[in-house]
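quick one: sequence plus predicted model below, questions after.
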Amino acid sequence: RIVVLLGGEVVAEHPRQFRRDQVIYDPWHYLPILVRKPGALRNGAPFKDWDLPAGLAEVRAKLKRHTDGDRQFVKVLGAVLDHGLIAVEAACAEALEAGIASGDVILAVLARRLQPPAPPSIITPDALRLKVEPKADCGRYDSLRRAEMPQGSMRALCAYGMASEGA
């Protein structure tokens, strides 16, 4: 086997091939490049005959029908770098189960799974419940306004407003 180390940390590990003149690619190693150049998905040597997990393969097949299918699929593959292959595979399965194969939908499923759960609703104890529910009566506001402001001052305000509009 071949082990690649960077600063004492294993960054890649491959089984060794003993045949001559053979090139072997691991497409997952080229994922950061693929995110920057999505067109490589169609023509890049590492991505030809790529054996993808079932959910990702089905999403790729459905997205091929769209004009921007490669770009959408590369978005989904790029999520593997942040969320991991298992989470992306589960999001693909959920989207396919709903009948929607879209890169944006799969990314939304992943984002939704990262959100914290909603806090439980608060149950109001009986001791704090209102005995008399308030009425929604907008007419009450007019009576409050009349009680506070004398009639003459209301006319003065209206006259002031009209004079300022004409200025």
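Perfect, I can see it now. Here the structure is a predicted model, which means the values were calculated and not measured. Numbering: from 1, shown residues only.

what helix or strand does the residue sitting nearest the centre point of the chain sit in?
Ranked by distance to the mean C-alpha position of the chain (Cα atoms, centre = their mean), the top residue is residue 108 at 3.1 Å. Using DSSP states H and E, residue 108 sits in helix 103-114.

that helix packs against which elements?
Secondary-structure packing of helix 103-114 (3 or more Cβ pairs under 8 Å, 6 or more residues apart in numbering; DSSP states H and E): helix 69-83, helix 85-97. Any C-beta I mention is one placed from the backbone N, CA and C, and that applies to glycine too.

elements contacting the last one?
Okay, so that is helix 85-97. Where contact means 3+ Cβ pairs under 8 Å, 6+ apart, helix 85-97 is packed against helix 54-63, helix 69-83, helix 103-114.

which phi and psi values does residue 141 adopt?
Backbone dihedrals for residue 141, given as degrees, to the nearest 10, come out at phi -70, psi -40.

related to what we said a few turns ago, among the helices and strands packed on helix 85-97, which is nearest residue 27?
helix 69-83 (9.1 Å; Cβ to Cβ).

show me what the closest one is in contact with.
28, 31-32, 34-35, 38-39, 41-42, 56, 59-60, 63-64, 66, 87-88, 91-92, 102-104, 106-107, 110 (Cβ atoms under 8 Å, 6 or more residues apart in numbering).

go on, stretch 25-40?
Residues from elsewhere that reach stretch 25-40, judged by Cβ under 8 Å, 6+ apart: 12, 14, 41, 44-47, 50, 70-71, 74, 77-78, 80-81.

7 Å instead, please
With contacts defined as Cβ atoms under 7 Å, 6 or more residues apart in numbering, stretch 25-40 is touched by 12, 14, 41, 45-47, 50, 70-71, 74, 77-78, 80-81.

in these, find the pair that's most separated.
Going by Cβ to Cβ, the pair spanning those furthest: 14 and 71, at 29.2 Å.

give me the distance between the residue nearest to residue 103 when sequence neighbours are not counted and residue 13.
Using Cβ to Cβ, 6 or more residues apart in numbering and skipping the chain neighbours, the partner closest in space to residue 103 is residue 72 (3.2 Å). The gap separating residue 72 from residue 13 is 31 Å, by Cβ to Cβ, to the nearest Å.
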